[in-house]
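with the input below, show me the fold.
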Amino acid sequence: MTAPSRLVFINLPVADLEASMAFYRRLGFTFDERFTDEKAACMVIAEDASYAMLLDREFFATFTAKPVADPHATTQALIAVSAEDRAAVDALADAALAAGGAPAREPMDHGFMYQRSFYDPDGHHWEVMWMRPEAAQQGAPDAAPAA
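Have a look, this model is predicted:
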């Protein structure tokens, strides 16, 4: 397998690092202990490709000059992860809700794509989606052309 040309690191402020790690472990995610300590945890989203750095809010604040948003009050990002099929979308979303997450929106079924969303305990908005492989290759039906 060829290594990706770029790695993705999403940095998220969390109120309680241990509680956040426990939540994501219940969803099946693992952590890279080489980059995990009392202020930060490196959650593996896709091995050798994408990670979420869960950062204690005070530690997160040292990386920006702007105020740290309260994700319970505002949406600063939608974090989307893919699943291998519709059942896997439901399994991950159901696990998030069972682990203490909250529903963000009703499930969306576009035929070629299916998605569910949830808020994690810190209020971050996550989307879990599956797309038919042929739709992923051809592009979404009825998609507006790029300007």
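
how far off centre is stretch 14-21?
Distance, stretch centre to chain centre, for stretch 14-21: 15 Å (C-alpha atoms, centre = their mean, to the nearest Å).

now swap in stretch 120-135 and tell me
Distance, stretch centre to chain centre, for stretch 120-135: 7 Å (C-alpha atoms, centre = their mean).

need the contact partners of that stretch.
Stretch 120-135 is contacted by residues 12-15, 19-20, 23-24, 70-73, 75, 77-86, 88-89, 92-93, 96, 100-101, 104, 112-119, 141 when judged by C-beta atoms under 8 Å, 6 or more residues apart in numbering. Quick note: C-beta positions are derived from backbone N, CA and C, even for glycine.

can you give me the helices in this structure?
Applying DSSP state H to the chain gives helices spanning 17-26, 57-61, 86-98, 133-138.

okay, those in a markdown table with mean neighbour count and mean pLDDT next?
What follows is the helices of the chain, written out as a markdown table (neighbours: other C-beta atoms under 10 Å; pLDDT from 0 to 100):
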| stretch | mean neighbour count | mean pLDDT |
| --- | --- | --- |
| helix 17-26 | 17 | 98 |
| helix 57-61 | 15 | 97 |
| helix 86-98 | 17 | 98 |
| helix 133-138 | 10 | 78 |
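
which one of those lies nearest to Ser50?
helix 17-26 (13.6 Å; C-beta to C-beta).

look up how far Ala40 lies from Trp126.
The gap separating Trp126 from Ala40 is 19 Å, by C-beta to C-beta, to the nearest Å.

let me fix that: Met113
33 Å.

and Asp120, by the same measure?
In this view, Asp120 and Ala40 are 16 Å apart by C-beta to C-beta.

those two: who's more crowded?
When Asp120 and Ala40 are compared for neighbours, Asp120 comes out ahead with 24 against 16, by other C-beta atoms under 10 Å.

mind checking pLDDT for the more buried one?
At Asp120, the model reports a pLDDT of 98.

Phe60 is in contact with Val68, isn't it?
Yes. Contact criterion C-beta atoms under 8 Å: Phe60 and Val68 qualify, at 5.9 Å.
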